[in-house]
Structure formats: structure tokens, C-alpha cells
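Chemist: For reference, the sequence and a predicted model appear below.
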Amino acid sequence: MRLLMLGGTEFAGRAVVEDALARGWDVTVLNRGRSEPPPGVTALRGDRTAPGGLDALAGGEWDAVVDTWSWAPSAVRDAARALAGRAGRFVYVSSRSVHPIPSPPGAAEDAPLVAGSPDDERGDDYATAKRGGELAALGAFGPDRTVLVRAGLILGPYENIGRLPWWLTRIAEGGRVVAPGPRDLGLQYIDVRDLATWTLDAIEKQLSGPYNMVSAPGHTTMGELLEACIRATGADAQLVWTDPERILDAGIEPWTELPIWLPLGELYDTLHQSNVDRALSTGLRCRPVDETVADTWAWLRAIGGRAPQRPDRPSPGLPREKEARVLGA
């Protein structure tokens, strides 16, 4: 298979490239050259936000294109239009954020969608930008040649958002750690490598349409995740399980200051209770939480313990003074 990866050096894009290379595929990547792609690819340079940014793609042909773009949908539009006659399939890694928040528990791919435009040249709002990217892909390749990978929470090696890396780093420091309860709170996420595997399988199977790309609800729990962090790091951390009410009363922000965690309610239902029957029926398999955590910790150690951080996303994590106040209470 001949794969064109738009991006391919960070997180989801890198996982897709590495999986494709392991399958023996012929992989071409187009990016700005700020980070080196894995060895074994054909590396092309181009800034999609600049005039002539797609010139390096002139003349090539591919079986499939994978695009993870998260900003102005017009960049997806321009790339898809340029490649529509020279590529068999367009896979756009979108987001479950294209559904309004809150969404009811059990929402599937046919749930209502936010507005979006393929001609949006700003991409100021993440949800509408991702929806605009979907429309751009569909507009150029049509519904039968487009795959929309609506990812939920993504974890795993190469993470450049900082959620699991923060928990691993904090727990590695040891001591008493605020653990947001309840301990058996179910979590729904996708290991980036499982996302990559399903995506390439979808290309081989010639699938099309939208797919919620996240594990089944309750794939793991908050307790299992944090205990896996202790096992992976070998730290002497003590998890201090804390009621959601106490956490919220202390002014701690769920999801951002305590990454991954959300208290029960509408937002929890939206992010941790989605329907993934369609993806599971087409072969999605999700590895155990211990494997995701251990491999992320091994990657962190290999790069010196400091995870890369996307410049357009704030660094997550609980300030130590806030943690100390809760522990002291």
C-alpha cells in the first residue's frame, strides 16, 4: 500500500506512520520539517498554511491519505481537493467534539453535529474546525471514499497533550497524591497505537463513513489507571482517594488540573459514555491499561522524562499548592 501521511511526526500521525512501516507499506509524509519523521519514509516539506505549501505533492499517487489537521478547515479542503484524483481514500482523524456538548450517554455516530465550514480559514473553535475538516474531506472525496475517525480521549506514547505524562510524572515523585474518586469511575479512551491499527485496517478493508474511535465505556477505571502508574514507575506514591465534592469545593478544575478525570454528570457522559459499537464491529481492539501506561512511561524515560507539549494546548496538571490544601484538609 502507498500511504501519504499529512504530518506524521507527532502523536497520532507518528503512530500511524510507524504501524504502516511495520506492515511494509510505502509511506510518504508531508510536514514543515520541525520534527524528524521515523526513518524509512519519503519525507516531503511543505507548510499547508503558506502559498505553495502543497507543491511537493504534485504528481504523486497514493492508495490512501491520512490527515490529522486540527486547525483551519481550509487546509484540509485544499489538500483533499489537490489529491482527490490521485488518491484512493481520504482518512481524516477528527474528534468526538464534533457532537455538541453535552451529548447523552450512548450517543453514536448519528448524533447531532455542530456547525462547520470547509472554507473556514481561522479554525478558532476546535469543535467547528474539526467538523469543517470532515466536510472538506467529504466534499473532495465523497462519502464512499472518506473515513472519519472521531477520536475520543487519546493516550499512549508520543502524547503531546500531557495528560497521562502528568500523572506518571507526579506519581513518580512519590508521597501522598490526590486521587479523584470514585475509585471505580469508568474511563473511556483509546491508545494511540490502537487508533493507528484500526485506521490502517480500515484502509485495507475499504471502509467509509464516521466511526467513534475510543474504547468501550468502562474499559478501565480511575483506580486501575492510577494503580498502573504506580506499578510502571515503581514509586512509593500513596493514592489519597478524594470525593468529587471536596475536589470541586477546592476550586480544582476537572480534566485540566486533574487530567482525564471528570465527575459524574453531563460532561462525563459525553466523554466517557459514547457508543462505539460500529468501530468494535469492524475490528477495533483496545489493549489493557497496564500496557498503555507502562509503554508511555518507558517512552518518557527514553526522552529524558519531559514530554513534548503542543503549543496550542495548555499544560495540564494540578498545582502543588492546591494539592497540598486538599491533602491537608
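Modeler: Sure thing, it's come through. Residues are numbered from 1 along each chain as shown.

Chemist: where are the low-confidence patches of the stretch 51-200 of the chain?
Modeler: Along the stretch 51-200 of the chain, no part satisfies pLDDT under 70.

Chemist: any idea where the helices of it begin and end?
Modeler: In the stretch 51-200 of the chain, the segments counted as helices under DSSP state H, counting those that start in this stretch are 73-83, 126-141, 163-172, 192-205.

Chemist: out of these, nearest to Thr270?
Modeler: Of all the helices of the stretch 51-200 of the chain, the one in closest proximity to Thr270, counting by CB to CB, is helix 126-141 (11.6 Å). C-beta here means a position set from N, CA and C on the backbone, and glycine is covered the same way.

Chemist: circling back to that earlier point, okay if I get the helices of the stretch 51-200 of the chain as a markdown table plus mean neighbour count?
Modeler: Output for the helices of the stretch 51-200 of the chain, formatted as a markdown table (neighbours: other CB atoms under 10 Å):
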| stretch | mean neighbour count |
| --- | --- |
| helix 73-83 | 22 |
| helix 126-141 | 24 |
| helix 163-172 | 23 |
| helix 192-205 | 21 |
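
Chemist: what's the pLDDT at His272?
Modeler: At His272, the model reports a pLDDT of 97.

Chemist: Make residue 1 into 27 and carry on from there
Modeler: With the count now opening at 27, the last piece we talked about shows up as His298.

Chemist: Got phi/psi on it?
Modeler: Dihedral angles phi and psi of His298 (degrees, to the nearest 10) take the values phi -130, psi 10.

Chemist: What is the burial count for it?
Modeler: 24 (other CB atoms under 10 Å).

Chemist: for Val140, same thing?
Modeler: For Val140, the count of nearby residues is 16 (other CB under 10 Å).

Chemist: For Arg327, give me phi and psi.
Modeler: phi -60, psi -40.

Chemist: show me the contacts for it.
Modeler: Listed by CB atoms under 8 Å, 6 or more residues apart in numbering, Arg327 has no contact partners.

Chemist: Same list (the helices of the stretch 77-226 of the chain) but as CSV, adding distance to Thr247.
Modeler: Below are the helices of the stretch 77-226 of the chain laid out as CSV (distance: least, CB to CB, whole Å):
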stretch, distance to Thr247
helix 99-109, 36
helix 152-167, 27
helix 189-198, 14
helix 218-231, 18
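
Chemist: wait, which of these is closest to Val266?
Modeler: Nearest to Val266 among these is helix 189-198 (12.0 Å), distances taken as CB to CB.

Chemist: and the closest one, what does it pack onto?
Modeler: helix 248-259, strand 284-285, helix 315-328 (3 or more CB pairs under 8 Å, 6 or more residues apart in numbering; DSSP states H and E).

Chemist: As CSV, could you dump the C-alpha coordinates of that helix?
Modeler: What follows is helix 189-198, C-alpha atoms only, in CSV (Å, rounded to 0.1, in the frame of the first residue of the first chain):
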residue,chain,number,x,y,z
ARG,A,189,-2.5,14.1,30.4
LEU,A,190,-1.0,10.7,31.1
PRO,A,191,2.5,12.0,31.2
TRP,A,192,1.5,14.4,34.0
TRP,A,193,0.0,11.6,36.1
LEU,A,194,3.1,9.4,35.6
THR,A,195,5.5,12.2,36.4
ARG,A,196,3.5,13.2,39.5
ILE,A,197,3.2,9.7,40.8
ALA,A,198,6.9,9.0,40.1
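
Chemist: Other residues contacting that helix?
Modeler: With CB under 8 Å, 6+ apart, helix 189-198 has contacts from 179, 181-182, 185, 203, 251-252, 255-256, 258-259, 261, 263, 285-286, 318-319, 322-323, 326, 331, 333, 341-344.

Chemist: Just the buried ones from those residues?
Modeler: For these, a burial check counting by 16 or more other CB atoms under 10 Å picks out 179, 181-182, 185, 203, 251-252, 255-256, 258-259, 261, 263, 285-286, 318-319, 322-323, 326, 333, 342-344.

Chemist: No further questions, thank you.
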